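Engineer: Predicted model and sequence below, questions to follow.
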Amino acid sequence: MNSVYRCVCALCMLFTLSASVAQESKVDSLKLLLKEIEYPIEKTNLYNEISVSFYNSQLYIDSAYYYNQKAYQIAKEYSLPDKEGRALFNFGLIHTETGETGLAIENYLKALFIFERLKDSRSISVINSSIAALYFTEEKYDKAITFFNKAIEISTRNKDSVGMAIDYANLGETEYKIGKYIAANKHLKLAKNLAKKKGLAFPSLNISCGNTLFALQEADSAIVEGKKGLLLAQQENDIKSISEASDLLYRITYTKENYKEALAHYKRFVMYKDNLNVAKDTNTIEKLKLNAEIQAKEEELSRMQQKEKYLNIIYVLVGIGVILLVFLVSRQVKVVKMAQEVHDIQTKLVGEELNERSIKNE
């Protein structure tokens, strides 16, 4: 899914961060704060903030995973369901970033279960959108539609125009993929109207509208939408949307037998598609590296936890040993004291007996 889904991700990050956004420059100071804070809620919030800061940098996904794991462990240990749900949601974001779609959906569903119990409708809506988008990438369009509709229902109830605009756009794009052009056109128009009222513009929304209108044989309207999408994409330097808009405009102008213009659009489409493939290959390599680093962090964390477990056992055994030693020393002192007392009594008795014998002999 293209840039409209990226807007969903932005909304997800707002959910994840609550009210504050941690910049990378603050990470060191946040780490220092960790040493001073003991309360579980504040500690898990800090771990979450550090994790999100690393995630936002797009450079340290392994570190984002590591600190989110810390937040999740505290939330589980101290029974903090909202913090647990947030950590699970963050795992979903991280696994999405590393291309592990199955794990991402699994964590989103776990988070969804928690937030449904907490009756947190905003979070429920965002998670439904995120799950739907992942099903879209897996080409499981029926499931994607189900979850987009759930998100729209909640956004409508909450009067969340931005959420509705995003989800109607994504729903329309999904319906286009399975040939439901009339329904797609209807929902994409709704998305455009809602976005316009909020002063929002997504190049992918115009491109989706153009593709749908072209499928409905409304070529003139489709070319208008394609050109709007291309202009917005160029302004945002959105390589994928430039490529998709160019492809749409090429196909429309070709059918109109405007071969000169079609050639220009096709050349742009090929150029940006090649750039996109290079970026995709680079991204795949980076994801593989990240997965390897995450696995190493998990193994390191497991070893640390095992070491901590053994150390705790050793401390307990040492403590028991000290107690036993104190007990044995105490007993030994008592035994020595008793032996001395017995010896004294025996000495006294022997002395008295000797005295008695001495008197008798006299």
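Structural biologist: Alright, I've got the coordinates.
Engineer: Please make it C-alpha for all contacts and neighbour counts, starting now.
Structural biologist: Noted.
Engineer: Can you pull out the residues in contact with stretch 258-276?
Structural biologist: For stretch 258-276, contacts defined as Cα atoms under 8 Å, 6 or more residues apart in numbering pick out 239-240, 242-247, 249-254.
Engineer: For those residues, could you give me CSV that also reports pLDDT and secondary structure?
Structural biologist: Listed next are the contacts of stretch 258-276 as CSV, based on pLDDT from 0 to 100; DSSP: H, G, I helix; E, B strand; the rest coil:
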residue, pLDDT, secondary structure
239, 89, helix
240, 89, helix
242, 93, helix
243, 93, helix
244, 94, helix
245, 95, helix
246, 95, helix
247, 95, helix
249, 96, helix
250, 95, helix
251, 96, helix
252, 96, helix
253, 95, helix
254, 95, helix
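Engineer: Among those residues, which one lies nearest to residue 119?
Structural biologist: Sorting these by how near they are to residue 119, with Cα to Cα, puts residue 240 at the top with 37.2 Å.
Engineer: returning to that earlier point: highest neighbour count among the contacts of stretch 258-276?
Structural biologist: For these, counting by other Cα atoms under 10 Å, the largest number of neighbours falls to residue 245: 32 neighbours.
Engineer: dump the residue contacts of that residue.
Structural biologist: Taking Cα under 8 Å, 6+ apart, one finds 207, 226-227, 229-230, 269 in contact with residue 245.
Engineer: How about residue 82?
Structural biologist: Going by Cα under 8 Å, 6+ apart, residue 82 touches 114-115, 118.
Engineer: Check residue 175 too.
Structural biologist: Residue 175 makes contacts with 141, 145, 181, 183-184, as judged by Cα under 8 Å, 6+ apart.
Engineer: so where's this structure uncertain?
Structural biologist: Applying pLDDT under 70 to the predicted model, the residue ranges of the chain that meet it are 1-38, 58-59, 276-319, 321-322, 324-362.
Engineer: 50 instead?
Structural biologist: Applying pLDDT under 50 to the chain flags residues 3, 6-7, 10, 14, 16-24, 279, 281, 285.
Engineer: Assign a three-state SS to residue 79, would you?
Structural biologist: Reducing the assignment to helix, strand or coil with DSSP: H, G, I helix; E, B strand; the rest coil, the entry for residue 79 is coil.
Engineer: Backbone dihedrals for it, both of them.
Structural biologist: Taking degrees, to the nearest 10, you get phi 50, psi 60 for the backbone angles of residue 79.
Engineer: I'd like to know how far it sits from residue 114.
Structural biologist: Spatial separation of residue 79 from residue 114 under the definition Cα to Cα, to the nearest Å is 12 Å.
Engineer: In terms of neighbours, single out the busier of the two.
Structural biologist: The neighbour count for residue 79 versus residue 114, taken as other Cα under 10 Å, is higher for residue 114 (20 against 12).
Engineer: ok, and the closest non-adjacent residue to the more buried one?
Structural biologist: Sequence neighbours aside, residue 85 is the residue nearest to residue 114 in space, at 5.9 Å (criterion: Cα to Cα, 6 or more residues apart in numbering).
Engineer: same check, this time on residue 173
Structural biologist: For residue 173, the nearest residue in space outside its immediate sequence neighbours is residue 208; the separation is 6.0 Å by Cα to Cα, 6+ apart.
Engineer: any idea which helix or strand carries the one you found?
Structural biologist: Assigned by DSSP states H and E, residue 208 belongs to helix 203-215.
Engineer: just the CA coordinates of that helix, formatted as CSV?
Structural biologist: These are the backbone C-alpha positions of helix 203-215, laid out as CSV (Å, rounded to 0.1, in the frame of the first residue of the first chain):
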residue,chain,number,x,y,z
PRO,A,203,-0.8,11.9,-4.1
SER,A,204,-1.9,8.3,-3.8
LEU,A,205,-5.5,9.3,-3.3
ASN,A,206,-5.5,11.1,-6.6
ILE,A,207,-3.7,8.2,-8.3
SER,A,208,-6.3,5.7,-6.9
CYS,A,209,-9.1,8.0,-8.1
GLY,A,210,-7.5,8.2,-11.5
ASN,A,211,-7.0,4.4,-11.8
THR,A,212,-10.6,3.8,-10.8
LEU,A,213,-12.0,6.4,-13.2
PHE,A,214,-9.9,5.0,-16.0
ALA,A,215,-11.3,1.5,-15.2
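Engineer: I'd like to know which elements that helix is packed against.
Structural biologist: The criterion is 3 or more Cα pairs under 8 Å, 6 or more residues apart in numbering; DSSP states H and E, and the helices and strands that helix 203-215 contacts are helix 3-17, helix 161-177, helix 181-197, helix 219-236, helix 239-255.
Engineer: Would you reformat these as CSV and include distance to residue 68?
Structural biologist: CSV is the format used below for these (distance: least, Cα to Cα, whole Å):
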stretch, distance to residue 68
helix 3-17, 11
helix 161-177, 26
helix 181-197, 33
helix 219-236, 31
helix 239-255, 30
